[in-house]
Each structure stands twice: as structure tokens, then as C-alpha cells.
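Student: After the sequence you'll find the predicted model.
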Protein chains: 2
Amino acid sequence: MKHVDVESRRKIILGAIVESYVDSAVPVGSRAISQRFRYSVSPATIRNVMADLEEMGLIMQPHTSAGRVPTDKGYRFYVDSLLEPKHLTKEEESIINKLIHASGNDIDYIMQNVSKAISVITNVAGMVLTPRLKRSVFKHIELFNIDDSRILAVIITTAGFVKNSIMDTDEHVTRQELTRIAEFLNSELEGISLGEIRSHLTRKVLEERDTFYTFLKRAMEILSVPGLFRADDHLYLDGAACIMSHPEFNDIGKARLFLRACEDKKGLLSLLNQDMEPDGVKIHIGRENIDSEIQGCSVITCNYKIDGMTVGAIAAIGPTRMEYGKIISVLKHISAELGKELESLG
Amino acid sequence: MKHVDVESRRKIILGAIVESYVDSAVPVGSRAISQRFRYSVSPATIRNVMADLEEMGLIMQPHTSAGRVPTDKGYRFYVDSLLEPKHLTKEEESIINKLIHASGNDIDYIMQNVSKAISVITNVAGMVLTPRLKRSVFKHIELFNIDDSRILAVIITTAGFVKNSIMDTDEHVTRQELTRIAEFLNSELEGISLGEIRSHLTRKVLEERDTFYTFLKRAMEILSVPGLFRADDHLYLDGAACIMSHPEFNDIGKARLFLRACEDKKGLLSLLNQDMEPDGVKIHIGRENIDSEIQGCSVITCNYKIDGMTVGAIAAIGPTRMEYGKIISVLKHISAELGKELESLG
DNA sequence: ATATAGCACTCTAAGTGGTAGAGTGCTAAT
DNA sequence: ATTAGCACTCTACCACTTAGAGTGCTATAT
């Protein structure tokens, strides 16, 4: 630390400030940093560097005679440039794995446990976006009458998801006809993602206008029931309570805003959806979030995959002052484990 | 008010204290009560009555020179003996009905909207317990292979709920055999509640030991897959944020306890389950709740029915200081509307 | 040229004392 | 039985003080 160039020293000290502040939630002063390096540099020197960092907008003082606190920009720099991957402890891994893999084969239950796992390990709120059906691949459809005017359709995807939907029909469709339609669809749609089914069939109708027309049209009608492919975008959230243990939510007003944002779900949903495309971990710090209600918060998201295909996302949301390194590792790990678990169901 | 017997006067004043406190969250003094009755009795008289009520344990003083606050016992007396039914406004009814009936035929969405309706109208948290499958009546089952080693079972109930489950089999079961089993079950189980299916079949096996034995046994095996009748006890919760606007949660510690209790769900779940049996509205005040975490809170629950059969429950949870009259009316109304909505899906 | 010690300065958090106001209980009068 | 009057109690609020943490600047040492 004694003889390094000014650039490296700034980085080292910024890192120390961020880590110390994340750890203690108290503005960190020059003395504390100096101590952290066993007084190999004096507080006065640290103060000079701090003045630079403040000028660069990476840290700030809540008031004149307080220590420094990282700004959003400071966190961003920390996250982008000097964050080191943090390994999970054996214990943590085992808690996570237990929660995920002991869930039986009920998707709902798995999702609940995953969001709980995130929040328990990271001490911020955990979220999970259910696997998008649209991104799943068609495997099998079954159609049958449940009474004179209603048909039940059951679709199974390669990943083992089952989606069913009841539709009303004006005219009675015979069992034979339903079987024929199902057989046709089964051979026709194999390997197509659910999101593409409608456009695929429309194309087919145009191509084979004469031969199959009425038959195809009926199949289309059946599949066009609303709800069959409706985005099944359930958002699981857990650990909103443990957020309250962070001092930034001592102000009850902020706590309420945060909870409201969590309950609203629309904003978070769109954020997760938008973050699903690029692979890997995405980080949104403080004011970078469009959603004004959760400024002062950071959101870290990560997609998860089944058989190499992104189908959903998990996330952690908490105060800007969060353990970025740890949370990133946790999300990566959970994303992988969740993928495995879902594949094993398929 | 001037010339009534002492007993009635006590009741009237207790009622006034409760209502005033519920309204303002401020300990109510003798002056305020006197004013409430246009000074037809003087503060001094009120004080005498208050001293009696305090001795009876119905009200208490936070400190010597403060007004009075109802105790749990006071609320209980108020709720049991002097609560008058409160009618909802047209607006409120229309908001509720819009939320419930505009939900399409997706159960998940309906439940979400019902819990939101409760919390929006009552300004405390709303909860809904999904319809218990076990209490639903069997209508139809369909079985088919999805691949060599797995079978998909789809059960439909008279109320129109669909439940499906995938089961692994050691040996391949042919399509013909599945059809025969399904036909058998369809004729055998009609009108039986899902909860009774297993015992019904066990009895059957014993009765017809010789003729059908292996056939029945296979049917049993298929139906005994875990998860097919597993309690589908999803608990929907909404409005945890609006709880924070009540002054009793200004203490962040209490807020955290409350949130934790809401997230834990186990306690609430068992409370709702236990309250499902008796018909109508049930009220749990403060320390009456076993769950120590939500002491200081009250829970009001109400069952709901499909075709006269109780299948689930709704509830409101908030600080002890809540608008009992209004919330009771809201839950009654929503219970009825939810029942209607679910019947219309069946 | 860089690092450090020393010092004056600033600001907060916490504690102190004093006051106004709300509410009570008791007693005596109606 | 009811009420007016009064002494008493307790809280909430305000102004004020003080200790302590942290800073920036300057002069000195390396």
C-alpha cells in the first residue's frame, strides 16, 4: 500500500469504503480506513485520496463532519471494476440445495422455496419469475369433452410443464373429431415453442387452404381460447420482512414505498422480463432504476435456463447498500441449481 | 343519555370510546366523549363511568394522565354486544364486484383480485385461502401416457377445477388399459369428494377382493401418486404495505414482526383452516391469537362456499384497532360474491 | 514531491431542564 | 346522582449544552 501509483490507491480505498459501509451502514471516516490497513498509511493521506474520490463523484458526505458514503456511481464503479467473486460456504450451498431439491415436483412449491432461499442467504428480498410457457417447447396435446358444451385442452411441454384450459364451444364436437384434431396437432407442432404455435398454424392455414381448411380452422379455434398460452407470469416474492432489518428502512415512509413497489409487481415484472434476454447477472443500482419508488434500492437479476434455453429469471432486491459480491454468487448458483431441478422434472 | 340505567350508559360509553379510538388512534379522554354527546353529560360523569370500565378490564390508560384505550377484552365486548352491522356504500360494492367478476376464469387471478379487494376497501391486509380440492366433488378423470414411463392424470371437479399430476410408472401401461381404468373410475367415483376417494377405493378393494383385485390395485396405484390430492393450500396475501400506514406500526420492530408473521403463512394457514368449519364470520382479537407474533393484531375470517359447500376462506388482518363493523360487512359481501363467481365457472 | 502531524473548525447525537397542555381523581356543592 | 373546581401527574416539545467524530488546511518531515 505504501508505494503504489495514485490510480491503484484510489481503487483500493474506494473498495475499502464500499465494503466497510456495506458492512456497518455507518459513514466511514479516514481513521477507520487507515486502521483497516493497519495504519500503514495515515488518516491524513486517506483524507487526501477521499477528497479526490469525492470530486470524482464516487463518494459523498451526508454532512460536513461525517465520514464518506458511496454514491450510486461509486457502487457502479465498484461493481464493474473491483468486485471479486465471492465463494459460498459449504453451509450456504447446502441450505440452498436442500431448499431447491427437496421441493418435490410441484413447480409452485419449488418457486416458493427458491425465493425463500435467495432471501434467507442474502438477507434481502428474493424474487422468482416462473418459467415462461411461451418459451417452452410443445410436446403433446390432449383434448376431450368434459360436458356437452365444453372442451378441456391439456398441453405438455418438453420440460414437463402441464397447462390446461377449458373452452366453451357453441356446437358439440364429437370425441372422434377431437381425437383427430389432437393427433394432427401432435404431429404438426412437435418441437415448436408455444409462443410460435399460433403463427405456425396461421401460416399452415394459408398454405393448405383447400385440403384441410375447415379442419385446420377448427383446430385454430380450439387453440385460440384465451388463457391457454396466456403469459403465466407469476412473481414469487419472499423476505420482504427481512428487508426491514436494514437501517435504511428505519424511516417508515421508505419502508412503505418499498413494500408498495414489491406488491405492485408490474414494475418488477417488466424489469425481470427485460433482463431475461441477456445471459448472466444484471445489476441495477439506485437511481438507475426507472421505477422511482425503489430508488435507494438495487436490483440484481439473473436468468435461468432449461436445456440451454432461458425460460425465467430470479432476482434479489434490497437497499443500495447490499453485498453485491455475495448476492451475485448466490444468484448464479441458484440459477444453475434451479435449472438442473427443472430439467430433472422434464 | 341523561336518564338511562348505569348498565346501558356503560355500554354506550364503551362503544363511544372504541369507535373514537378506532377512528383517531389517540387515547380518548372524558372531555372528548362528553363532546361527542354534545355535552349532555359532563366530563366528570364520564370519568366516573370510565373508572368503572377500567376496573372491569375493558379499557386502560397508557399512562396516568392519558385518555383511555380499549383492551382486548373491551374490543371483544364491543364486537360481541354492541356492534351494529354497517352497510357498504354503492361505490365500495361496485369496486369489489368489478375486481371479482372481471377476473376472467383464471382462479389464480381471481384469488389475487379478491385479496386485493379486501385490502383496498378495508385498509388492512387481505388474505384468501384457495378452494380446498379435498372438499370438491369428483366429476371426471382422464388418464394418458406422455411417454414410456410416465402417466398424466387430469381430474375435473363439479365446480370446474382442474388438477393434474404426472406419475412415474415402473412398467408401461397400455393406452387401452388406461382407458379402462379411467372409465371404471369415472363411473365409480361420481359424486364423491376428492378427500374421500382413497378410503372409498380401499373399501372397494376389500369388498371385491376376488373379481377385480389386480385391476383395482393398479387404479389405486395410479391415484396414490403424491400431489394429486395434495392440499393445494396456496395463501394469497395483499395489502401488507397499507398496514404500514397505521400508527401502531411506526415502531419498525413491530412492523417487522407483522411482516414475518404474514410471510411465514403456516400460522395463518392453520388459523384459516381451523376457522373454515363453522359458518360465517369469526373474529380473533389481540392476545386471543395463539401466534405470539401477531399479538396486537386482529384477524377476521369468513368461509366461502360453492353450491352450499364450504371450500375456502377469506380473511382480513390488521392492528387490533380496526374497523370491525366495516370489515365484517366487507368479508360477508366478498364471500358471497366469490362464491357466485366460482359457481359461474363450474 | 509525497506523507504526516497538529490544529481549528463543523456538525450531529445525546442529554438536560423548563414549560404548556391534556387528562385524571378527589372533594365539595348542587 | 351529577357536576364544578382544583391539585396533581405525565408527556411532548423546545431551547440549550456538551462530547465526540470527522474534516480541511497548513506547516513540517522524509
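Tutor: Nice, I can see it. Model, not experiment: these values are computed from the prediction. Numbers count the residues shown, from 1 in each chain, chains lettered A, B, ... in the order given.
Student: When you work out contacts or count neighbours from here on, use the C-alpha atoms and nothing else.
Tutor: Noted.
Student: Tell me where the model's unsure across the stretch 101-250 of chain A.
Tutor: A:103, A:209-213, A:225-232 (pLDDT under 70).
Student: One more pass at 90, please.
Tutor: Along the stretch 101-250 of chain A, segments meeting pLDDT under 90 span A:102-109, A:130-137, A:139-140, A:142-182, A:184-185, A:187-234, A:250.
Student: in it, what residue is nearest chain B?
Tutor: residue A:241 (5.1 Å; C-alpha to the nearest C-alpha).
Student: helix or strand for that residue, which one?
Tutor: Using DSSP states H and E, residue A:241 sits in helix A:240-243.
Student: still on that earlier bit, so the residue of the stretch 101-250 of chain A closest to chain B touches residue B:259, yeah?
Tutor: Yes. Counting by C-alpha atoms under 8 Å, residue A:241 touches residue B:259, with 5.1 Å between them.
Student: okay, now residue A:40: neighbour count?
Tutor: By other C-alpha atoms under 10 Å in any protein chain shown, 11 other residues sit near residue A:40.
Student: for residue A:254, same thing?
Tutor: What residue A:254 shows, counting by other C-alpha under 10 Å, is a neighbour count of 16.
Student: Kindly report the same for the one 4 residues further on.
Tutor: Residues near residue A:258, counting by other C-alpha under 10 Å, number 25.
Student: And what about the residue nearest the centre of chain A, helix, strand or coil?
Tutor: The centroid of chain A falls nearest to residue A:314 when counting by C-alpha atoms, centre = their mean (2.6 Å). At residue A:314, secondary structure determined by DSSP: H, G, I helix; E, B strand; the rest coil is strand.
Student: Ok, residue A:64 next?
Tutor: coil.
Student: Please report how far it lies from residue A:321.
Tutor: Remark: distance between residue A:64 and residue A:321 (C-alpha to C-alpha, to the nearest Å) = 21 Å.
Student: Just list the residues touching the residue of the stretch 101-250 of chain A closest to chain B, thanks.
Tutor: Contact analysis of residue A:241 by C-alpha atoms under 8 Å, 6 or more residues apart in numbering or on different chains lists A:125, B:256, B:257, B:259, B:260, B:263.
Student: which one of residue A:64 and residue A:321 has more residues nearby?
Tutor: Comparing residue A:64 with residue A:321 by other C-alpha under 10 Å, the one with more neighbours is residue A:321, at 25 against 8.
Student: so where do the helices sit in chain A?
Tutor: Under the criterion DSSP state H, chain A carries helices at the ranges A:6-24, A:30-36, A:43-55, A:72-77, A:90-101, A:107-122, A:175-189, A:197-207, A:213-223, A:240-243, A:252-264, A:266-276, A:324-345.
Student: And chain B, is the last one touching that?
Tutor: No. Contact of helix A:324-345 with chain B is not found when judged by C-alpha under 8 Å from any C-alpha of the partner chain; the minimum separation is 9.7 Å.
Student: distance between that helix and the chain's centre?
Tutor: Centroid separation between helix A:324-345 and its chain, computed with C-alpha atoms, centre = their mean, to the nearest Å, is 11 Å.
Student: tilt between it and helix A:107-122?
Tutor: 160 degrees (axes from the mean of the first three to the mean of the last three C-alpha atoms, to 10 degrees).
Student: Show me what helix A:324-345 is packed against.
Tutor: Contacts defined by 3 or more C-alpha pairs under 8 Å, 6 or more residues apart in numbering or on different chains; DSSP states H and E place helix A:324-345 against helix A:90-101, helix A:107-122, strand A:281-285, strand A:297-306, strand A:309-319.
Student: repeat that for 6 Å
Tutor: strand A:297-306 (3 or more C-alpha pairs under 6 Å, 6 or more residues apart in numbering or on different chains; DSSP states H and E).
Student: What mean pLDDT does the strand it packs on get?
Tutor: Summarised as a single mean, pLDDT over strand A:297-306 is 95.
Student: can you tell me which of the helices of chain A comes nearest to residue A:160?
Tutor: Ranking those by proximity to residue A:160 (C-alpha to C-alpha) places helix A:324-345 first, at 6.1 Å.
Student: Just the angle for the closest one relative to helix A:6-24, thanks.
Tutor: Going by the same axes, to 10 degrees, helix A:324-345 makes 70 degrees with helix A:6-24.
Student: for helix A:324-345, which positions count as buried?
Tutor: Within helix A:324-345, the residues scored as buried using 16 or more other C-alpha atoms under 10 Å in any protein chain shown are A:324, A:326-335, A:337-342.
Student: follow-up on the earlier one: of the contacts of residue A:241, which is the most crowded?
Tutor: residue A:125 (27 neighbours).
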